[in-house]
Structures are given as structure tokens and as C-alpha cells.
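A.B. asks: Let me see the structure of the following:
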Amino acid sequence: MDYGQLEDYILRHIDAESDYLKALYRDTHVKLLRPRMASGHLQGRMLKMFVQMIRPRQVLEIGTYSGYSALCLAEGLEEGALLHTFEINDEQEDFTRPWLEQSPYADKIRFYIGDAMKLLPDMGITFDLAFIDGDKRKYTEYYEMVMGMLSPGGYIIADNTLWDGHVLEQPRPADLQTIGIKKFNDLIAADPRVEKVILPLRDGLTIIRKK
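C.D. replies: Sure thing, here's the model as predicted:
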């Protein structure tokens, strides 16, 4: 099977991304070092649909990067709902903030530069949905923190949980990202507080529901 052709087929048979998102995706590839980190067309449409299905009032995103996933999450929000998105890399702000603030969903987005682990505990917000896409070495820490802020029946979506297939390998001691993802996956698999499923979409997407 030609997976490139299959992906092209899928993209021709789902909702189109907006011209604004297309422009952001292009700009991400031209100006940023790791453009593959952006969610892209298929995952973006899925994130929007998840939001429409779950109908959250408060959404958390850890790892804004270029803002593509944030815009897709915000696109699905109902009136009065908010997305709080955190980016730890302050060098990212000059690229990302204008794309968020000039978007059609600017009034639904709160963009924070800083460490979510330090900023979130003092905010006192209960979230209905969280999208975790930050530092892979800290996934278990993010998870435990978010679980304490998540409403009963709330959802966590974790990105990159198959990590290009490296989860099947024995990682080198220095490969802390793969070690972090594997530790996270093992933790979720054994956690009786949640229901979970891994979707083999792009680099792996784990859907977690708090009981």
C-alpha cells in the first residue's frame, strides 16, 4: 500500500482546512525549524470535531508551537468557551502570537508564554478537555497535573504517543523523549481512573476519558 497516496485520498475526502490555516502551515514550514510539529490538515480537522463532540467550556493546550492546533481547537468551541494554550519557548512568541490574535477565533484563545507546570496550579480552572503536545520527557508530569484539574468525564488527548514507532524499541539511556513517551503509555495503560484508546493517526494520538 502506498501510504502517501492513501493520505492524499483521505485529505480529498474530508473537510478542507481554511485558507488561514493553509497560510499558517506554509509559514510554519518556511520560518520554523521543526515544522513537522504542527498538527496539519487531518489532525486539525479531527481536533475540531473532538471539540464539537465533547462541547467543553474550558480547554487546555500544553505546547502551542505555531498555533495550528490551537486554532483548530478554538474553531470547534461554542460561544463563551475558552482555550488556554501554553508555550514554554519564549522565542516562539513573535511568530505565534500574531497568528492567534489576527485569527477569527482570537476572542476564544488565551495564549501564555511560560511553563504550564508552574503557571496552571495558581489559575484555579477546571478543564473539560486537555490537549497535551509539549515536552515528551514531561508527559507523565503533565498528565498527573491535568488529571487534578480535569472535570469528571473530561478528556485528555495526548499527541505523539507512538513516536515514529520508537515505542517498540529499547531506547538508549540518553533518549529521554522516547523514555518519557513509553513511561507515559505504560502509566495510562495501567491507570484505573481512566478509559483510553490509542489512534494510529500520524504519530499516535491517545484519547483518555476520566471516569
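
A.B. asks: Based on its surroundings, how many neighbours for residue 188?
C.D. replies: As a burial measure, residue 188 scores 20 neighbours (other Cβ atoms under 10 Å). Backbone N, C-alpha and C define where each C-beta goes, glycine included.

A.B. asks: just residue 19 next, same as before
C.D. replies: Close neighbours of residue 19, defined as other Cβ under 10 Å, add up to 8.

A.B. asks: Can you report phi and psi for it?
C.D. replies: The phi/psi pair for residue 19 (degrees, to the nearest 10) reads phi -60, psi -30.

A.B. asks: let's have the chain start at 19 instead
C.D. replies: Sure, I'll start counting at 19 from here, so that last one is residue 37.

A.B. asks: any idea how far residue 44 is from it?
C.D. replies: Distance, residue 37 to residue 44, using Cβ to Cβ, to the nearest Å: 11 Å.

A.B. asks: Residue 152 now?
C.D. replies: Distance check for residue 152 against residue 44: by Cβ to Cβ, it reads 24 Å.

A.B. asks: Of the two, give the one with the bigger neighbour count.
C.D. replies: The neighbour comparison of residue 152 against residue 44 (other Cβ under 10 Å) goes to residue 152, with 25 against 11.

A.B. asks: What helices and strands are in contact with the helix or strand bottoming out on mean pLDDT in the chain?
C.D. replies: None of the helices or strands of the chain scores lower by mean pLDDT, DSSP states H and E than helix 21-30, at a mean of 91. Judged by 3 or more Cβ pairs under 8 Å, 6 or more residues apart in numbering; DSSP states H and E, helix 21-30 is in contact with helix 58-72.

A.B. asks: and the helix it packs on, what's its mean pLDDT?
C.D. replies: Mean pLDDT, helix 58-72: 97.

A.B. asks: Same check on stretch 186-201?
C.D. replies: In this model, stretch 186-201 carries a mean pLDDT of 93.

A.B. asks: how long is it from one end to the other?
C.D. replies: End-to-end distance for stretch 186-201: 12 Å, by Cα to Cα, to the nearest Å.

A.B. asks: ok, now which ones touch the closest residue to residue 202 other than its chain neighbours?
C.D. replies: Excluding the flanking residues, the one nearest residue 202 by Cβ to Cβ, 6 or more residues apart in numbering is residue 157, at 3.8 Å. Each residue near residue 157 by Cβ atoms under 8 Å, 6 or more residues apart in numbering is listed here: 150, 176, 198-199, 201-202.
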